[in-house]
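# show me the folded form of this:
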Amino acid sequence: MNYDVLIIGAGASGLYCACRILSESGVRLGIIDSNDSVGKKLLMTGAGRCNISNYDMDPRFYMTDSPDMLASLLRHHDEKDSLDFFRDELGVLMAERDDKLCYPATYRSDTVVNAMRNYLIDNDADFIMNTQVYSISRDDGGFTVNGSLHSKTIVIAVGGASYSRTGSNGSILKLAAPFTGSGDIAPLYPALVPLKTMEKDITSISGARAYCDLNLYEDSRTDKVLAESSGEILFTQYGVSGICVLDISGYAIKAMTEGKRPVLSVNLLKMSYPKARVKVETNLLNFPDRSPSQALNGLIRDDILAIILGRLNLTEVRRASDLSRADIDNITECMTSFKLTITGSLSFDNAQITTGGIMLSSVNDQMELKSTPGLFICGEALNCNGICGGYNLQFCWSSASAAAEGVLSCLN
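Have a look, this model is predicted:
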């Protein structure tokens, strides 16, 4: 079978790239996927509600090897362009909201998947399902896939390695290997994933949640901040979770791969140390005859406060008035910088996305692999991952749109 373009991967970026190509040209297009239906991981996005993009789009919300190239990509293929295409070409309206998050008006991921699938059916795309791609090779007319499918151009949109049950298995490393050098691929690691911690005292509060500010430090001996986040933290049997933790998890994992031992500092009061010091001392002075935990329980959860007092060996203190100034300093320090040493993360199957893949610097501005004309990469297969809030899907749309332009330029 001969094609003008074969897209490997029927996920978010692959489907969108196909739609963008067929909106401009009636080329012979095929989509290959190992699943029996398209968009399996996309159906899970945003707990099935599909946070499709974000109106506050900025490169600072991403990790990548080439921030400048990412900035250029997001400028030329921005969220307005993507949302306009969904509305005008695919018939998907967006919900009207007061925040920056973009959802389909139905708040259903299957609305987005069905819109793209139906558009491709209308435009005579071939769906080659239940097919695992095991080889890509060059031939005189372009490329051969699995020894029998021939195409002038190829788009690799296979995703990363998260949620393997949806077909994401890290195959990008194998598929791209014949066309890349050792410096073109970053190792794959989980991202947007819960983190494991060394401290075991928090297991007693598994399930507890608290609003906080987070600072991730390179290790306990430095003041170098790798990432910051705010939101609701969830304490677990293994460590910590919650969106604010997921957002900084990629930086923690990267540090660990470099031999560092990152430390998470949790500001449980969401205020500066001087302000917190005043609040803590005021409560202790106002209730001198209460136990420290009773005097301070208006500031912080009882169960977390018990851990703080335990870490400071103050659980036996009977009266707030018995605390020294140093004790008050230390309590305040713990409340505003509750330390957790990161030791690892949960697996790819617990990760929303993958960090690593083909270096963004290894492709041109149309997502064409610099070493191999006619071979394009888009979506999670590229070394770029963002925080929660629609940023990763927007990168899928932006990189897929750029790849579509590249494919059409190549064919013309």
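
# in the stretch 251-400 of the chain, which spans are helices?
Along the stretch 251-400 of the chain, the segments classed as helices by DSSP state H, counting those that start in this stretch run 273-286, 292-296, 302-311, 325-336, 391-411.

# and the angle from the third one to helix 325-336?
I take that to be helix 302-311. Using axes from the mean of the first three to the mean of the last three C-alpha atoms, to 10 degrees, the direction of helix 302-311 lies 130 degrees away from that of helix 325-336.

# list the buried residues for helix 302-311?
I304, L305, A306, I307, I308, L309, R311 (16 or more other C-beta atoms under 10 Å). For every residue, glycine as well, the C-beta is placed using N, CA and C.

# likewise the last one?
When neighbours are counted by 16+ other C-beta under 10 Å, the buried residues of helix 391-411 are found to be 391-408, 410.

# for it, the distance to its chain's centre please.
Put simply, helix 391-411 sits 19 Å off its chain's centre (C-alpha atoms, centre = their mean, to the nearest Å).

# output that helix as PDB, nothing but the C-alphas.
Coordinates of each C-alpha in helix 391-411 appear next as PDB, following Å, rounded to 0.1, in the frame of the first residue of the first chain:
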ATOM      1  CA  TYR A 391      -0.300  22.700  28.600                       C
ATOM      2  CA  ASN A 392       0.600  19.200  27.400                       C
ATOM      3  CA  LEU A 393      -2.300  19.000  25.000                       C
ATOM      4  CA  GLN A 394      -1.600  22.400  23.600                       C
ATOM      5  CA  PHE A 395       2.000  21.200  22.900                       C
ATOM      6  CA  CYS A 396       0.400  18.300  21.100                       C
ATOM      7  CA  TRP A 397      -1.700  20.600  18.900                       C
ATOM      8  CA  SER A 398       1.100  23.100  18.300                       C
ATOM      9  CA  SER A 399       3.700  20.500  17.300                       C
ATOM     10  CA  ALA A 400       1.200  18.600  15.200                       C
ATOM     11  CA  SER A 401       0.200  21.700  13.400                       C
ATOM     12  CA  ALA A 402       3.800  22.500  12.700                       C
ATOM     13  CA  ALA A 403       4.400  18.900  11.500                       C
ATOM     14  CA  ALA A 404       1.400  19.200   9.200                       C
ATOM     15  CA  GLU A 405       2.800  22.300   7.600                       C
ATOM     16  CA  GLY A 406       6.100  20.500   7.200                       C
ATOM     17  CA  VAL A 407       4.500  17.400   5.600                       C
ATOM     18  CA  LEU A 408       2.600  19.600   3.100                       C
ATOM     19  CA  SER A 409       5.700  21.500   2.200                       C
ATOM     20  CA  CYS A 410       7.600  18.300   1.700                       C
ATOM     21  CA  LEU A 411       4.900  16.900  -0.600                       C
END
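
# can I assume L214 sits in a strand?
Yes: assessed with DSSP: H, G, I helix; E, B strand; the rest coil, L214 lies in a strand.

# contact partners for L299?
L269, K279, V280, N283, M335 (C-beta atoms under 8 Å, 6 or more residues apart in numbering).

# quick one: which of the helices of the stretch 251-400 of the chain is nearest K100?
helix 391-411 (10.7 Å; C-beta to C-beta).

# tell me the helices and strands packed up against that closest one.
strand 2-8, helix 12-24, strand 53-54, helix 67-76, helix 79-88, strand 149-156, strand 375-377, strand 384-386 (3 or more C-beta pairs under 8 Å, 6 or more residues apart in numbering; DSSP states H and E).

# can the buried residues of helix 302-311 go into a markdown table with extra columns for pLDDT?
Output for the buried residues of helix 302-311, formatted as a markdown table (pLDDT from 0 to 100):
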| residue | pLDDT |
| --- | --- |
| I304 | 97 |
| L305 | 96 |
| A306 | 96 |
| I307 | 97 |
| I308 | 97 |
| L309 | 97 |
| R311 | 97 |
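
# quick one: which of the helices of the stretch 251-400 of the chain is nearest N350?
Going by C-beta to C-beta, the one of the helices of the stretch 251-400 of the chain nearest N350 is helix 391-411, 16.0 Å.

# and the angle from the closest one to strand 2-8?
160 degrees.

# now the angle from helix 391-411 to helix 79-88?
80 degrees.

# would you reformat the helices of the stretch 251-400 of the chain as a markdown table and include distance to Y55?
Shown next, in a markdown table, are those (distance: least, C-beta to C-beta, whole Å):
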| stretch | distance to Y55 |
| --- | --- |
| helix 273-286 | 32 |
| helix 292-296 | 40 |
| helix 302-311 | 35 |
| helix 325-336 | 32 |
| helix 391-411 | 10 |
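
# of all those, which one is nearest V5?
Per C-beta to C-beta, nearest to V5 of those: helix 391-411, 5.2 Å.

# any idea of the mean pLDDT for the closest one?
The average pLDDT for helix 391-411 rounds to 98.

# numbering from 517 from now on, please.
In the new numbering, first residue 517, that becomes helix 907-927.

# could you work out the end-to-end span of stretch 635-646 for me?
Chord length of stretch 635-646, first to last residue, is 21 Å (C-alpha to C-alpha, to the nearest Å).

# let me fix that, I meant to ask about stretch 571-590.
With C-alpha to C-alpha as the measure, stretch 571-590 spans 12 Å from end to end.

# what of stretch 797-813?
So stretch 797-813: terminal residues 13 Å apart, C-alpha to C-alpha.

# buried ones in that stretch, by neighbour count?
Quick answer for stretch 797-813 (16+ other C-beta under 10 Å): E797, N799, L800, F803, R806, S807, P808, S809, A811, L812, N813.

# my guess is the second one meets P808, correct?
Spelled out, it's N799. No: between N799 and P808 there is no contact under C-beta atoms under 8 Å: 9.4 Å.
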